[in-house]
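K.L.:
model this:
(chains A and B)
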Amino acid sequence: MTALAQFRRDTDYIEANLSLVAPFVDERLRVKTMNVTVENLVKAFGATPALHGVSLEIASGELIALVGPSGSGKTTLLRLIAGLDFPNSGRVLFGAEDASSKSVQERNVGFVFQNYALFKHMSVFENIAFGLRVRPRATRPSEASIRQRVMTLLDLVQLNGLEKRFPGQLSGGQRQRVAFARALAIEPGVLLLDEPFGALDAKVRKELRRWLREIHDRTGHTTVFVTHDQEEALELADRVVVMSQGRIEQVGSADDIYDNPATPFVFDFIGDSSALPVIVDKGSIALDDRILSIDAKGHADGPATLFFRPNHVRLAGQESGSIVGTVTGSRRHGDIRRLELEVGLARHRCEIDVPADSEVSRNGRVAVKPTDWRLFPRVS
Amino acid sequence: MSEQTLAPPATMPPVTWRAPTAEVPPVRIVLIGVAVLFIGVFLGFPLLVVFFEAFLNGVGKYFETFADSDTQAAIRLTLLVAALAVPANLIFGISAAWAIAKYDFRGKALLITLIDLPFSVSPVIAGLIYVIMFGAQGYFGDWLKANNIQIIFAIPGIVLATIFVTFPFVARELIPLMEEQGTQDEEAAISLGASGWQTFRRVTLPNVKWGLMYGVLLCNARAMGEFGAVAVVSGHIRGLTNTMPLHIEILYNDYQWVAAFTVASLLALLALITLIVKTLLEWRFSDELANGPR
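P.N.:
Down below sits the predicted model:
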């Protein structure tokens, strides 16, 4: 290996593990943070159920992502934790304390709204200072300490010098950071972010993602954020909560979620995947009229769905028991080529990755074998 | 890139380009002409006549009219009625808009419809309702007489009738504005620890202040200019229960043309000022929404 290549590898490693190399904790911003327990929350809006008994333990100082498609109940869960909505049953505990009877004001949560909800008529400074100014006289900090705190926060969110601007004069990313600083100003026990990067363009999103991780490491807030972007959730969070239709499908680290999806939904939602309807019969799998050479010992007989990731396949040539399909589409996907196949009699669609230099033509036949796969029983 | 490559070649004929939604020139001229003609004939010309007639006998005569005690009383009463009706509407308008925009409750649609009622009901009927309720032969007539309270043919009746007529102005202005803004700013304020009153004063009110002023202005203009409803309940007692519009009618019926037009010119002037302030507000208002205050 050349010296240059070695150097590149090292810098890549350092960049990827920035927080490990420089565990910089800002004592001025360190707060007393707490764990949050969600117990059996049920919520319905009129006749429409939003959450069916959701329970979740969030450790102190943890950065947790709620991810799921729209309508999965993730924002509802966040709002219930904040106290902006009230559950039909179940409860939320902050530390050991039951927060059910506490108002939003008493819960001391920092909430960052999807569209930031900045006060248009107030300067950046006044927006950030708002939470301190509305405190009762007894606990309100002096003008000097309000000023100092706002300046520290502006420094943290890298907006020094913009304190006199109004929200209308800021870019989307800057507004996002003002909203963030405003929520941090009240020294919240828990920080709740609703689609924090939802309204930003892709490049700013990436920057802010990294920035949020850094801030989290510096301030140590227990943080829960909602996103529909699985990539964002996997990259940023200590633990990811995958939700669907008002239920938690799986809770785990990014590795858990990606490598060991607990349900078909998680397999489908997180990462790219192909799903084929198959029949399990005494340990063997049939795709339409074809027996696949996949060992299904231990799986119950009956209809099932075979899941595999497009990159977890190998080209099988003439081997028997492979999945054979007609190429209907091909597109370049980074270093590899992704093929769309129509498989079996019923022309099921699936996707596979092949090396970029493979010679495959449209309507050509391709045979593959999954190297890693999962089988979930199918309720039909 | 040089500029020449951007300009069309000289050999090409200049393209006359028209927006897809724009009309052909003749249609445009007719439409604008009709609008200008109507405004001139029905608005501009009469307004000029008002001022022309008012100054017909010279500036001296013009100001002499205002020396008359009945005229002064009418002006004072008009200002008093506006000063009472406008704040009443302000309170009602904010409450109604707040309730409608921020909460869901049973009968909300009915409330929205009822708020519009004064727009669709003839002002005369508004006046008559109060006569039937509070007049000498009305439902509460005996009780009011026994307690020596006079509403009809007195100032309270005029104020009530004016409030009825101007009822929708502030609420109508605020409801769409507040509905559009939603509750997120309020939620943000509450999550930051603000109480309900702090949220209202520091967040909600500043968010709607221009719309609110606009509503108040329209309400004020109507309160000062109202004729029909007030005519029914006033009793036309000179120097006591005549507002400016009623006073103008009396002067006119007495063949005091110049005096009638003089008072009318004052009322018209108030309307013009309202219009100018309203335009200024609109200009300021739209600017604010787009860019925030400067």
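K.L.:
every contact and neighbour count from this point should use C-alpha atoms.
P.N.:
Noted.
K.L.:
what's near enough to touch the residue of chain B found nearest chain A?
P.N.:
Going by CA to the nearest CA, chain A is nearest to B:Gly193 of chain B, at 4.3 Å. Counting by CA atoms under 8 Å, 6 or more residues apart in numbering or on different chains, B:Gly193 touches A:Val104, A:Gln105, A:Glu106, A:Asn108, A:Gly131, A:Val134, A:Arg135.
K.L.:
restrict those to those near chain B?
P.N.:
Applying CA under 8 Å from any CA of the partner chain, the subset of the contacts of B:Gly193 adjacent to chain B comprises A:Val104, A:Gln105, A:Glu106, A:Asn108, A:Gly131, A:Val134, A:Arg135.
K.L.:
among those, the buried ones, what's the ChimeraX command?
P.N.:
Remark: buried members of those, expressed as a ChimeraX selection using 16 or more other CA atoms under 10 Å in any protein chain shown:
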select /A:104,105,108,131,134,135
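K.L.:
now the ones next to chain B among the contacts of B:Gly193 as JSON lines including distance to B:Trp210?
P.N.:
Listed next are the ones next to chain B among the contacts of B:Gly193 as JSON lines, based on distance: CA to CA, whole Å:
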{"residue": "A:Val104", "distance to B:Trp210": "29"}
{"residue": "A:Gln105", "distance to B:Trp210": "29"}
{"residue": "A:Glu106", "distance to B:Trp210": "33"}
{"residue": "A:Asn108", "distance to B:Trp210": "32"}
{"residue": "A:Gly131", "distance to B:Trp210": "25"}
{"residue": "A:Val134", "distance to B:Trp210": "24"}
{"residue": "A:Arg135", "distance to B:Trp210": "28"}
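K.L.:
so how many other residues sit close to B:Val49?
P.N.:
13 (other CA atoms under 10 Å in any protein chain shown).
K.L.:
what comes up buried for the helix or strand harbouring it?
P.N.:
Mapping B:Val49 onto the secondary structure by DSSP states H and E places it in helix B:45-54. Going by neighbour count (16+ other CA under 10 Å), the buried part of helix B:45-54 is B:Leu47, B:Val50, B:Phe51, B:Phe52, B:Glu53, B:Ala54.
K.L.:
so A:Val266 sits in a helix?
P.N.:
Yes - under DSSP: H, G, I helix; E, B strand; the rest coil, A:Val266 sits within a helix.
K.L.:
identify the residues contacting it.
P.N.:
Going by CA under 8 Å, 6+ apart, A:Val266 touches A:Val242, A:Glu249, A:Gln250, A:Ile257.
K.L.:
again, only this time at 10 Å
P.N.:
By CA atoms under 10 Å, 6 or more residues apart in numbering or on different chains, A:Val266 lies in contact with A:Gly68, A:Val242, A:Met243, A:Ser244, A:Glu249, A:Gln250, A:Ile257, A:Tyr258, A:Asn260.
K.L.:
save those residues as a markdown table, and put in secondary structure, distance to chain B and neighbour count too.
P.N.:
Listed next are the contacts of A:Val266 as a markdown table, based on DSSP: H, G, I helix; E, B strand; the rest coil; distance: CA to the nearest CA, whole Å; neighbours: other CA atoms under 10 Å in any protein chain shown:
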| residue | secondary structure | distance to chain B | neighbour count |
| --- | --- | --- | --- |
| A:Gly68 | coil | 22 | 28 |
| A:Val242 | strand | 26 | 27 |
| A:Met243 | strand | 24 | 26 |
| A:Ser244 | strand | 25 | 20 |
| A:Glu249 | strand | 29 | 17 |
| A:Gln250 | strand | 29 | 19 |
| A:Ile257 | helix | 32 | 22 |
| A:Tyr258 | helix | 35 | 16 |
| A:Asn260 | coil | 37 | 14 |
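K.L.:
C-alpha coordinates for the helix or strand harbouring A:Val327, CSV please?
P.N.:
Remark: A:Val327 resides in strand A:323-333, with elements defined by DSSP H and E. Extracted in CSV, the C-alpha atoms of strand A:323-333 (Å, rounded to 0.1, in the frame of the first residue of the first chain):
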residue,chain,number,x,y,z
ILE,A,323,-34.1,-17.6,-9.4
VAL,A,324,-34.4,-16.9,-13.1
GLY,A,325,-35.8,-13.8,-14.6
THR,A,326,-36.0,-11.6,-17.6
VAL,A,327,-34.2,-8.2,-17.5
THR,A,328,-36.7,-5.4,-17.9
GLY,A,329,-34.5,-2.5,-16.8
SER,A,330,-31.0,-1.7,-15.9
ARG,A,331,-29.5,1.4,-14.3
ARG,A,332,-26.2,2.5,-13.0
HIS,A,333,-26.2,2.7,-9.2
